[in-house]
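K.L.:
Take a look and give me a structure for this.
(one chain, ligands or ions: 3)
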Amino acid sequence: MTNIILLGPPGSGKGTQAKLLAERIRVPHISTGDILRAAKETELGDRASEYMNRGELVPDSILIAMIEDRLAKPDCASGCILDGYPRTIPQADALNRILSGLDLRIDLVINIDVPDDRLITRLSARRVCECGATYQLTFNPPQAKGVCDLCGGALYQRDDDTEESVQNRLLVYKRETQPLIDYYENLGLLTTIDGSGSIKEISGEIYEHVQ
Ligand code: ADP
Ligand code: ADP
Ligand code: ZN
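P.N.:
Ligands and ions are numbered 1, 2, ... in the order given. Reported below is the predicted structural model:
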């Protein structure tokens with residue numbers, strides 16, 4: 001049983017790495033950003049997108065209820081990889097409470113460290129597909145321009161990958177999420193890795209820590 005949190009600023013590669021690791025160790029990849037985006041055209045989705053498009057966090061109460069629901073599903077019994085949750089101290093406290101209620105615990109927190117200038121370059125050229133695949137125009141381009149390698153779908157830019165929203169997300173990250181580095185360090189769960197290498201190098205390093 002392995003419960004792993006991937007921590008890091010927007011654009012650090014959490015989603016990319018979580019997907020690779022989840023396939024490798026065969027546990028579900030839980031991305032709260034993906035869950036919120038999949039809720040579009042529902043009341044939750046409408047409410048959430050107002051925060052998301054501005055680069056603000058969606059309120060803790062919504063996220064905590066959402067993750068509680070998700071972790072109670074049977075596929076999480078074998079472990080999971082959390083990508084984008086927790087993002088605040090109250091979310092981390094709630095996670096501890098939820099996991100202990102299920103007789104589970106966090107095994108490892110991997111903090112992916114990437115300098116700000118590189119985050120901005122990565123996010124401004126991020127392109128995504130409805131199927132969940134993520135590309136980067138320079139470092140990780142699709143084989144055919146604008147087309148998903150996996151499903152043939154049309155690639156698009158996320159509404160919150162505009163320059164204004166990205167700048168705000170970095171500020172929000174520093175204010176709300178960065179304190180979780182010390183939080184998990186104090187619990188003896190944290191490993192920090194350098195996230196500025198290639199996708200392959202980083203996934204190799206993460207896998208070593210997980211083993
Ligand atoms: P996050 O989930 O942390 O916001 P993503 O996994 O979506 O980050 O990655 C952000 C962007 O950077 C995507 O376009 C992705 O393809 C690209 N990317 C991810 N890892 C790397 C890397 N090691 N080097 C270069 N680009 C990367
Ligand atoms: P990124 O990969 O760029 O970090 P995500 O896909 O993880 O972005 O999240 C996109 C947006 O969804 C966030 O900017 C935020 O508005 C919302 N969101 C996702 N997870 C959380 C969370 N745990 N707490 C609050 N808001 C969240
Ligand atoms: Zn696709």
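
K.L.:
part of a helix, is E185?
P.N.:
Yes: looking at E185 with DSSP: H, G, I helix; E, B strand; the rest coil, it is inside a helix.

K.L.:
where does it land on pLDDT?
P.N.:
pLDDT for E185: 98.

K.L.:
mind checking how far it is from ligand 1?
P.N.:
Here E185 is placed at a distance of 20 Å from ligand 1 (Cβ to the nearest ligand atom, to the nearest Å). In short, each C-beta sits where N, CA and C put it, glycine included.

K.L.:
Also T192?
P.N.:
Taken as Cβ to the nearest ligand atom, the span from T192 to ligand 1 is 15 Å.

K.L.:
contact partners of the helix or strand hosting S61?
P.N.:
Applying DSSP states H and E as the criterion places S61 in helix 60-71. Contact with helix 60-71 is made by 30, 32, 35-36, 44, 47-48, 76, 80, 82, 85, 87-88, 90-91, 94-95, 98-99, 102, 104, as judged by Cβ atoms under 8 Å, 6 or more residues apart in numbering.

K.L.:
which residue packs closest to whichever residue of the chain sits closest to ligand 2, ignoring adjacent ones?
P.N.:
Per Cβ to the nearest ligand atom, G33 is where the chain lies closest to ligand 2, at 2.0 Å. Spatial nearest neighbour of G33, excluding adjacent residues (Cβ to Cβ, 6 or more residues apart in numbering): G84 at 4.8 Å.

K.L.:
Report whether stretch 169-180 contacts ligand 1.
P.N.:
No: against ligand 1, stretch 169-180 shows no contacts by Cβ under 6 Å from any ligand atom, the least distance being 8.9 Å.

K.L.:
Tell me where the protein has strands.
P.N.:
For the chain, the strands defined by DSSP state E cover 2-7, 29-31, 79-83, 108-113, 126-128, 134-136, 190-194.

K.L.:
Centre of the chain to stretch 27-35, how far?
P.N.:
When distances are taken as Cα atoms, centre = their mean, to the nearest Å, stretch 27-35 is centred 7 Å away from the chain's centroid.
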